[in-house]
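Enquirer: Sequence below, structure please.
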Amino acid sequence: MQTWGPVPDGIEPIVGFRVWFYELTGPRPHLYPMCSRGDGIASSPWDGAESGWVVASCGSDPVDPGHVPGWKCTCGFYATKNRSTLEDALFVLVHALDERRDSGWILGRVELAGKIIEHDDGYRAEKARIAELIPIEGDEPNGMRLAALLGMTLCDTVAVVGSIPPLPWWLPPDGPSTPRLRVREWVQDVAA
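Expert: Numbers count the residues shown, from 1 in each chain. Now for the predicted structure:
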């Protein structure tokens with residue numbers, strides 16, 4: 001992973017928002033993409049993004065780094081266009097955590113540069129850096145500790161509101177086989 005100093009090409013970066021899973025264990029804290037959630041990966045593509053630009057890579061085409069982000073793959077740094085998109089998903093993320101005190105979720109404002117693909121709700125970019133961290137209400141001490149260890153600025157906290165969405169109507173509480181049993185019983189009753 002390579003880090004960069006000033007904004008590449010001298011163009012203003014695009015601002016986006018994202019959420020990371022953080023761990024405060026080991027010699028330095030780590031920010032992981034949501035999909036990896038600290039799954040034992042030694043490093044994260046976001047390592048170093050707090051102090052400069054980091055460059056995305058592609059596992060499917062490591063020979064041509066110029067295609068990142070690619071149109072036919074999912075490589076690149078992801079960010080949403082607005083913070084409210086992430087705030088809507090926080091309730092589920094926060095309540096899915098185990099009770100470890102050295103990890104959690106944190107939001108952030110990021111700057112994107114290089115090749116950028118715009119999607120309906122966000123972006124995938126070749127280069128990224130973290131502009132500031134946004135702690136989740138109730139996790140302010142870890143947010144402050146994380147920001148201090150990374151040398152980052154901390155924004156106001158974001159509140160977690162909402163409720164766990166209900167199960168889909170087609171999934172009965174006692175298992176997926178129950179509707180088939182009920183249909184079989186109904187067919188037998190009608191035939192009798």
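Enquirer: how about Y78, what does it touch?
Expert: Contact analysis of Y78 by C-beta atoms under 8 Å, 6 or more residues apart in numbering lists 18, 33, 122-124. Every C-beta, even on glycine, is put in place using the N, C-alpha and C of the backbone.
Enquirer: Likewise for I11?
Expert: Here I11 is in contact with A113 (C-beta under 8 Å, 6+ apart).
Enquirer: any chance of the contacts of Y78 in CSV, with secondary structure and distance to M144 too?
Expert: Shown next, in CSV, are the contacts of Y78 (DSSP: H, G, I helix; E, B strand; the rest coil; distance: C-beta to C-beta, whole Å):
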residue, secondary structure, distance to M144
R18, strand, 20
P33, strand, 23
G122, strand, 27
Y123, strand, 28
R124, strand, 30
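Enquirer: Kindly indicate which of those lies nearest E12.
Expert: Among the contacts of Y78, Y123 lies closest to E12 (C-beta to C-beta), at 14.1 Å.
Enquirer: Give me the distance between that closest one and D88.
Expert: Noted for Y123: a distance of 18 Å to D88, by C-beta to C-beta, to the nearest Å.
Enquirer: wait, is D88 part of a helix?
Expert: Yes. Judged by DSSP: H, G, I helix; E, B strand; the rest coil, D88 forms part of a helix.
Enquirer: Tally up the residues packed near it, please.
Expert: When counting by other C-beta atoms under 10 Å, one arrives at 11 neighbours for D88.
Enquirer: Look up how far V19 lies from it.
Expert: For D88 relative to V19 (C-beta to C-beta), the value is 11 Å.
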